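Chemist: Here is my input; please provide its structure:
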Amino acid sequence: MRLRALVAMALVLTIAPAVPALAEDPPAPPALSASATPPVSPDDGTGGTGGQETPPATPAPPPADATPPPPLPKLEAGLADDSDGARVIVELAAPAEAAPVAGEARQLPDAQVVLEPADTSFIVVDGSGESLAKLAEDPRVLSIRRDRMYSPTALDSTGSLGSLATSLQVIGADKAHAAGTKGQGQTVAIIDTGIDASHPDFGGKVVEQACFSATDEGAQSLCPNGQTSDPGSADANTAACLNGQVNLCDHGTHVAGIAHAVAPDADIVAIQVFSRINDCADEGGVCLTAFESTILLALEHVAKLKEGGRNVAAVNLSLGGGLYEGTCDAEPELAAMKNRIDDLRAKGVAVVAAAGNEGVSGAGAPGCFSGPVTVGATGDDDSVPYWSNHGSVLDLFAPGLEIDSAVPGGGHQVYSGTSMSTPFVTGALALVAQKAPGTPDAMADQLKKAGRPIVYGEVTTPRLDLNAAIAGGTPSPPVTQTPLPEEPGDPPANPDDPSEEPSEEPSEEPSEEPSPEPSSGPSPSATPSDPVPTPIPLPTVTITVTVTVPPTAAAPAVCTRGKSTKTLSAAQWAVEVTRGKGQIKDATLGCYLGLVTKASKVFAEVTPASTLSGAYRVLKPAKKTSKAKLESELLAAWLNWANGGVNFTAKIKEKATLKTVLTSVEKARLKGSSPAASTSMLKKQVNARRTA
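Modeler: Prediction:
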């Protein structure tokens, strides 16, 4: 019932922690340069065992008289002060307690139980902060956190048609098939937007289907039966999946088609977890989004299938949200998902997750967990597209550029993205499970050790080589990548230098509420030239958060950080988000706001700022309270980061970087504090007009 606060645009998911964990972009997204670098030893910390960092040693137990750390609060930060209310997951100690706690929740004012799954230790409640705080007092409640939203990670492609057959040759799947290894006796699970099971490409291999689709004010179920769950069908051709001539649910069929091409004899389990929203933003439009609660139910469903005898080798998650530099295992808000993924892995099911398409060093959740196999994208020439996430959190690269695969209705489409790379690995694990079954970690290690090393900066990530993994061949020679044009430099390290004082803020102030109509100003900088075709996001998929059909037919540009070398003040950003006033195109601003809502916790979950009008109200508040002033400068700082004018590693004051400053300020704001010193620091040392 408070969906507008969560879906203020089509870019709403923030799964990032209060500490923005995204590192600055070195090593930059790579481009192909050479292939003669000597192989890296598997045990040197960067070699062909993948980009994942070695887990730290188990710490020694604390002394017997040590004071235990205080327990984490049950109620997620910011929820108690949310008078508008929020959709939350109420985690319980046991499934038997769901019914009585749901009954208690129904008695609270301004609270509604919107989901009460059977045999599951959580319920979903929509309620005000006061009601949720009261519910948290129940000893049967373990935690209450926001029911976050996730998106597929695919891009539309332009240019020459891609070839799935060529990509299968690149990873050696054709040779594995010729040797008789095609995934016989194995099953892969695709948790996505459903499937067209009758598509001729699948050849009757879709053996199980299920649907978990959240409903709330503004959210419509995509289950064929129109309910919140359907145990028998994940049909991607239902009326709710259609928006005119566009099938919103084609992503899952495309992903499943790739996994099936790699493992043609493996069975397929398809699970729909998305919901349709008919008014995604101030601008209108139709979009799909997956709530965390439905993903948890899908993971539990796969676990039950495994327990029931279905030989599930791997589960595919070509979706995600948030931005994390390294592993996010310790983030309390993500504990429930991590636990369910760990449970699947303990049952022998490998979990494969997309890294994301923001073009940064890091990954979204669930790819940021240490347990899943996290996958980035390469072209068939082993170059890494600029939009693919990369870095030490990745385990493997796989083809993800210009991939043609099945879509509902019997046809095919060419898409790009880490969504497409992920099912290559999912299918590969099914072949490994047939040929040399083992634990999920052992099978993943087999793929990583056999992969072709892609070396960039100080990181080496193997590209999937299925034939070498199965036949035991020697990995192909490493490919060394050189960075694309570097990210803009940090702002001056000494903010007290008189030459770096901010200029006067603009005298002209916007006098009216901004309209979301596109401005006519030019983009602040040219798009860098890339060695590979630049993909365009799906008309039905925004690469940051949700599956979206914009009101116009034109597809938006790929959403990545800008290349500006200047920072703007809060007042100047208010001009930019006002129709007809600024120089940055509205589509670019929408991209920036989407990145902000992924990396920031305040603006994704406490104060809506994902639309132009919402951002304007934050940047130019009607009442200049201490909270409003802090949020204005905080949003301007995030926008300066998204625009490229300042990096997380930038020294703001003494030893403090932008990352640590934003971390501290956001923690204070989530606790209800608005220190004037923080506002002043952001205004003078981050948002001052300067050239980087």
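
Chemist: only C-alpha atoms for contact and neighbour calcs from this point on.
Modeler: OK.

Chemist: residue contacts, the residue lying closest to residue 238 once chain neighbours are set aside?
Modeler: Closest residue in space to residue 238, ignoring its immediate chain neighbours: residue 224 at 6.1 Å, by CA to CA, 6 or more residues apart in numbering. Shown in contact with residue 224 (CA atoms under 8 Å, 6 or more residues apart in numbering): 230, 233, 234, 235, 238.

Chemist: Give the buried subset of those as a ChimeraX selection command.
Modeler: To isolate the buried members of these in ChimeraX, using 16 or more other CA atoms under 10 Å:
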select :230,233,234,235,238
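
Chemist: Tabulate the contacts of residue 224 in CSV, adding columns for secondary structure.
Modeler: Converted to CSV, the contacts of residue 224 look like this (DSSP: H, G, I helix; E, B strand; the rest coil):
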residue, secondary structure
230, strand
233, coil
234, coil
235, strand
238, coil
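
Chemist: ok, the contacts of residue 224 vs residue 419, which is closest?
Modeler: Set against residue 419, the nearest of the contacts of residue 224 by CA to CA is residue 234 (18.7 Å).

Chemist: Provide the backbone phi and psi angles at the residue lying closest to that closest one once chain neighbours are set aside.
Modeler: Using CA to CA, 6+ apart and skipping residues adjacent in sequence, the residue nearest residue 234 is residue 194, 4.7 Å away. Main-chain dihedrals, residue 194, degrees, to the nearest 10: phi 90, psi -170.

Chemist: quick one: residue 194 and residue 248 touch, right?
Modeler: No - Residue 194 lies out of contact with residue 248 (CA atoms under 8 Å); the separation is 10.3 Å.

Chemist: Looking at these two, which has the bigger crowd around it?
Modeler: Between residue 194 and residue 248, residue 194 has the larger neighbour count (other CA atoms under 10 Å), namely 34 against 26.

Chemist: Let me see the contact set for that one.
Modeler: Applying CA under 8 Å, 6+ apart to residue 194 gives the contacts 211, 234, 235, 236, 249, 250, 252, 253, 270, 271, 272, 273.

Chemist: that older thread, on the pLDDT front, check the residue nearest to residue 238 for me.
Modeler: Per-residue confidence (pLDDT) for residue 224: 96.

Chemist: Also residue 581?
Modeler: Confidence score, pLDDT, at residue 581: 80.

Chemist: got it, and the one 3 residues further on?
Modeler: What the model reports as pLDDT for residue 584 is 92.

Chemist: Please apply the same query to residue 249.
Modeler: 95.

Chemist: next one: residue 477
Modeler: Per-residue confidence at residue 477 stands at 93 (pLDDT).

Chemist: Quick check: which element contains it?
Modeler: Remark: residue 477 resides in no helix or strand, with elements defined by DSSP states H and E.

Chemist: before we move on, what about the one 3 residues further on?
Modeler: Assigned by DSSP H and E, residue 480 falls within strand 479-483.

Chemist: Restricting the selection to alpha carbons, write the strand or helix carrying residue 681 to CSV.
Modeler: Using DSSP H and E, residue 681 maps to helix 676-685. Taking Å, rounded to 0.1, in the frame of the first residue of the first chain, the C-alpha atoms of helix 676-685 are listed here in CSV:
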residue,chain,number,x,y,z
ALA,A,676,25.1,20.7,10.8
ALA,A,677,28.8,19.9,10.6
SER,A,678,28.0,17.1,8.1
THR,A,679,25.9,19.4,6.0
SER,A,680,28.6,22.0,6.0
MET,A,681,31.3,19.4,5.1
LEU,A,682,29.3,18.1,2.2
LYS,A,683,28.5,21.6,0.9
LYS,A,684,32.0,23.0,1.1
GLN,A,685,34.2,20.0,0.4
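
Chemist: any residues touching it, and which ones?
Modeler: 495, 502, 569-570, 626, 629-630, 633-634, 637, 652-653, 665.

Chemist: Out of those, which sit inside helices?
Modeler: Under the assignment DSSP state H, the contacts of helix 676-685 contribute 570, 626, 629, 630, 633, 634, 637, 665 to helices.

Chemist: picking up where we left off before, just checking the distance from the helix holding residue 681 to the centre of its chain.
Modeler: Helix 676-685 has its C-alpha centroid displaced from the chain centroid by 30 Å (CA atoms, centre = their mean, to the nearest Å).

Chemist: Enumerate the positions of that helix that are buried.
Modeler: Buried residues in helix 676-685, counted by 16+ other CA under 10 Å: 678, 679, 681, 682, 683, 684, 685.

Chemist: what's the answer for stretch 111-119, then?
Modeler: Result for stretch 111-119 [16+ other CA under 10 Å]: buried residues 111, 112, 113, 114, 115, 116, 117.

Chemist: ok, those residues vs residue 466, which is closest?
Modeler: Distance to residue 466 across these (CA to CA) is lowest for residue 117, with 39.2 Å.

Chemist: these two touch, right, that closest one and residue 123?
Modeler: Yes - counting by CA under 8 Å, residue 117 does reach residue 123; the two are 6.7 Å apart.

Chemist: So which residues of the stretch 301-450 of the chain form helices?
Modeler: Counting by DSSP state H, counting those that start in this stretch, one finds helices in the stretch 301-450 of the chain at the ranges 335-346, 418-435, 440-450.
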